[in-house]
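In: Just a sequence and a predicted model for now, questions to come.
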Amino acid sequence: MAEKNNSDKTAFTATIGGLLAILLWSFTIAFTRSISEHLGPVYGAGYVYLISAVFGLINALRSSRQRSKLSNLPHRYLWGCGSLFVGYMLFLFLAVGMAENRSQSLEMGLINYLWPALILVFSVPILKNKASWLLLPGTALALFGIYLVLAGGGSHTWHAMLNNLSSNPTAYLLALFAALSWGLYSNLTRKWVAPDQAGGAVPFFLAATAVALFIMNSFVDEPRDWNLQVAGEVAALAFITLTAYSLWDNAMRKGNTIFLAASSYTIPLLSTIVSCIYLSVAPTPSLWIGCGLLISGSLLSWISVTKEKN
């Protein structure tokens, strides 16, 4: 009985940590865009992940006990999930940074936030979760929300969507790749690491991301407009990155993944509100409608996925 109580307590604590990660992520798009405007997406992201990695590694390597936890992690988690983690970080920061303007950066954010629905979709084949027929309309509703965002303006047609995509195809694809990467990462972390396995490798994944970005930085020419505001944003986003992703990694291994995937449907709305205020952007009606449909689709998907195979 005591062992079960401890297990329930661990799961509850991990789930609360996952909820905190969701709140912290609401600031990501706003800070990412502002930093990219001053430092460029590659150079700016490099410093964000470098600072995150340094503090994370100091904590992870401070004792032999912490180091032993890392050595016990499965190689497929370290390499497979590590690759997905690095890919997600690169895709998201570059997508938002490469947006043509602040309004378009909100679109990149919404495309990225397909991942709550994708976590639920991918959990069926990966984690053997049970899903009802509602998963199909739920996923379709979320995708239709993104379609409305991409079509934009008053002419919601495929032609309008294709014109919008053709204006900046690389950024839109990167945002989509980010959503796919995080949907896979969240499920494979749960599949490959036992719930009672202590510790994760997020600081090392962050370090790998920073190395990749600084290598990329040698091939691009970006601004270096440092000032007090952007320095504060880099520090704040570094803290958010280390804290939120560490909490989410732990939550995916030990918490209630279905509940957290459902809770994460609030991120598109929270992120859009924060970004509009911080970046002084007036969102279009299509953005709000698309955001609402994305949230509704994710919620419907959550209702359809109800049971995890033991």
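Out: All right, it came through fine. Quick caveat, the model's predicted, so the values are computed rather than measured.
In: Can you tell me the centre-most residue of the protein?
Out: Centrality entry for the chain: nearest residue to the mean C-alpha point is W182, 5.9 Å, by Cα atoms, centre = their mean.
In: how near is it to H38?
Out: From W182 across to H38, the span is 26 Å (Cβ to Cβ, to the nearest Å). In this view, the C-beta of every residue, glycine as well, is placed from N, C-alpha and C.
In: Can you find the helix or strand in the chain with the smallest mean pLDDT?
Out: Lowest on mean pLDDT, DSSP states H and E among the helices and strands of the chain sits helix 64-71, with a mean of 62.
In: Okay, V48 and P116: tell me how far apart.
Out: Computed with Cβ to Cβ, the distance linking V48 and P116 is 23 Å.
In: Quick check: next helix or strand after the strand or helix carrying S275?
Out: Assigned by DSSP states H and E, S275 falls within helix 267-279. Sequence-wise, the next helix or strand downstream of helix 267-279 (DSSP H and E) is helix 285-304.
In: follow-up on the earlier one: the residue nearest to the centre of the chain belongs to a strand, doesn't it?
Out: No - per DSSP: H, G, I helix; E, B strand; the rest coil, W182 lies outside any strand segment and is helix.
In: hang on, isn't it packed against Y88?
Out: Yes - taking Cβ atoms under 8 Å as the definition, W182 is a contact partner of Y88 at 4.9 Å.
In: who touches the residue nearest to the centre of the chain in this structure?
Out: L84, Y88, N112, W115, L118, I119 (Cβ atoms under 8 Å, 6 or more residues apart in numbering).
In: could you redo the last one with a cut-off of 7 Å?
Out: Contact analysis of W182 by Cβ atoms under 7 Å, 6 or more residues apart in numbering lists Y88, W115.
In: And for G17?
Out: G17 touches L247, N250, A251, counting by Cβ under 7 Å, 6+ apart.
In: before we move on, what about V305?
Out: Contacts of V305 by Cβ under 7 Å, 6+ apart are L120, S123, V124, N129, K130, A131, L135, I258.
In: how near is R224 to A212?
Out: Note on R224: its distance to A212, by Cβ to Cβ, is 20 Å.
In: Those two - which one has more neighbours?
Out: Each of R224 and A212 had its neighbours counted (other Cβ atoms under 10 Å), and the higher figure belongs to A212 (18 against 9).
In: Not counting residues beside it along the chain, what's closest to that one?
Out: Using Cβ to Cβ, 6 or more residues apart in numbering and skipping the chain neighbours, the partner closest in space to A212 is V86 (6.0 Å).
In: ok, T189 touching N250?
Out: No - if you go by Cβ atoms under 7 Å, T189 and N250 don't touch, sitting 9.5 Å apart.
In: burial of W133, as a residue count?
Out: 8.
In: Could you find the closest non-adjacent residue to it?
Out: Among residues not flanking W133 along the chain, S304 sits closest, at 7.3 Å (Cβ to Cβ, 6+ apart).
In: circling back to that earlier point, export the helix holding S275 to CSV, keeping only CA atoms.
Out: Written as CSV, here are the backbone C-alpha positions of helix 267-279 (Å, rounded to 0.1, in the frame of the first residue of the first chain):
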residue,chain,number,x,y,z
ILE,A,267,-1.2,26.6,-24.9
PRO,A,268,-2.3,28.0,-28.3
LEU,A,269,-4.7,30.4,-26.6
LEU,A,270,-2.4,31.4,-23.8
SER,A,271,0.6,31.8,-26.2
THR,A,272,-1.5,33.9,-28.6
ILE,A,273,-2.7,36.2,-25.8
VAL,A,274,0.8,36.7,-24.3
SER,A,275,2.4,37.2,-27.8
CYS,A,276,-0.2,39.8,-28.9
ILE,A,277,0.3,41.8,-25.7
TYR,A,278,4.1,41.5,-25.6
LEU,A,279,4.7,42.0,-29.4
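In: Which neighbouring elements make contact with the lengthiest helix in the chain?
Out: Secondary structure assigned by DSSP state H gives helix 228-254 as the longest helix of the chain. If you count contacts as 3 or more Cβ pairs under 7 Å, 6 or more residues apart in numbering; DSSP states H and E, helix 228-254 packs onto helix 2-25, helix 28-39, helix 41-60, helix 169-192, helix 202-217.
In: residues contacting L78?
Out: With Cβ under 7 Å, 6+ apart, L78 has these contacts: A201.
In: And for V274?
Out: Taking Cβ under 7 Å, 6+ apart as the contact definition, V274 lies against S26, F27, A30.
In: would TSV of the residues you listed with neighbour count, distance to L20 and pLDDT be doable?
Out: What follows is these, written out as TSV (neighbours: other Cβ atoms under 10 Å; distance: Cβ to Cβ, whole Å; pLDDT from 0 to 100):
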residue	neighbour count	distance to L20	pLDDT
S26	20	11	92
F27	19	12	94
A30	26	18	94
